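# Structure for the following, please:
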Amino acid sequence: MNILYLHGYASNFDPSSVKVQALEKIGTVSGINIDYTEGPKVAIEAAKQACQEQCIDLVVGTSMGGWLASHCGQNCSIPFVALNPAVEPAKSLTKYIGQSIDYTGTAYTIDAETVASYPPFATEGLGLVICEEGDEVIDASATAAALKPHYDVLLVPGGSHRFESLDSQLELIQAHLRKATQGKA
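Numbers count the residues shown, from 1 in each chain. Predicted structure coming up:
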C-alpha cells in the first residue's frame, strides 16, 4: 500500500517522524513539503499531483495536513484519514497572520487574504477522522460535531495536537481502507 503523509502548518515532511514511522508498519510512506502560505489552490494541487505520480492508495494528514487530506481525497477519489484536522482554516489560521518562524527555523509570512481563501474541510469522500481529546490546539469535540454527519469519527482519550496514538490506530486505518475500497477492483 502506498501512503501519502501530509504534514501540518509551519512544518515539513520528515521521514523519521514518529507518525511516518508508525505508518511505515502498514505501507510505503511518501510525503511532500507543503507551504501553506501559498494558499489552498497550490497546496491542493501539489497533493493531487503527488497522489497521481506516486499511485497513492491512502492519504493521511495531521492538522492542516488533515484538512488537505480531505480535499485531496475528495478530488482524487482516494480514501483518507485526518488526524486532529483543521476544520475551518480561514478561522484557525488567523492567529498566524504576519511574520513568524516555522518548526524548522525558517521565517515565513502569511497574509489575511491568503488565510481567508482557505475553504472548510471537504465533506465528501472516503474519510476517517481521528481526534485526540487532549489536543491543545484544535477542539476535538467541536471537530467531531462538525464532521460526524459526513465521516466516521473517533475521539481518543488523552493525546495532544501532535497526535500520539497513531500506533494504536493502525488496525482501524487498515479496516477503513478495506471498507473504502470494497468493490473497486
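# contacts for the longest helix along the chain?
Secondary structure of the chain per DSSP state H: the longest helix is helix 166-181. For helix 166-181, the surrounding residues in contact (C-beta atoms under 8 Å, 6 or more residues apart in numbering) are 1, 18-19, 22-23, 25-26, 57-58, 60, 79, 81, 83, 126, 128, 130, 152, 154, 156. Where you see a C-beta, it was placed from the backbone N, CA and C, and this is true even at glycine.
# Drop anything exposed from those residues.
The neighbour count (16 or more other C-beta atoms under 10 Å) marks 19, 22-23, 26, 57-58, 60, 79, 81, 83, 126, 128, 130, 156 as buried among those.
# farthest pair in those?
57 and 156 (23.7 Å; C-beta to C-beta).
# For stretch 142-157, give me every contacting residue.
By C-beta under 8 Å, 6+ apart, stretch 142-157 touches 84-85, 87, 121, 123-124, 127-134, 140-141, 165, 169, 172, 176.
# can you give me how far the strand or helix carrying residue 43 is from the chain middle?
Per DSSP states H and E: residue 43 is located in helix 40-53. Centroid separation for helix 40-53 versus its chain: 13 Å, with C-alpha atoms, centre = their mean, to the nearest Å.
# List the contacts of that helix.
For helix 40-53, the surrounding residues in contact (C-beta under 8 Å, 6+ apart) are 4, 6, 30, 32, 34-36, 56, 59, 68-69, 71-72, 75-76, 78, 89, 117-119.
# pull the CA atoms of it into CSV?
Extracted as CSV, the C-alpha positions of helix 40-53 are listed here (Å, rounded to 0.1, in the frame of the first residue of the first chain):
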residue,chain,number,x,y,z
PRO,A,40,-5.2,26.4,-0.8
LYS,A,41,-5.1,26.0,-4.5
VAL,A,42,-1.3,25.5,-4.5
ALA,A,43,-1.5,23.1,-1.6
ILE,A,44,-4.3,21.0,-3.1
GLU,A,45,-2.7,20.9,-6.5
ALA,A,46,0.6,19.7,-5.0
ALA,A,47,-1.1,16.9,-3.0
LYS,A,48,-3.2,15.8,-6.1
GLN,A,49,-0.1,15.7,-8.2
ALA,A,50,1.8,13.6,-5.6
CYS,A,51,-1.2,11.2,-5.5
GLN,A,52,-1.2,10.7,-9.2
GLU,A,53,2.5,10.4,-9.7
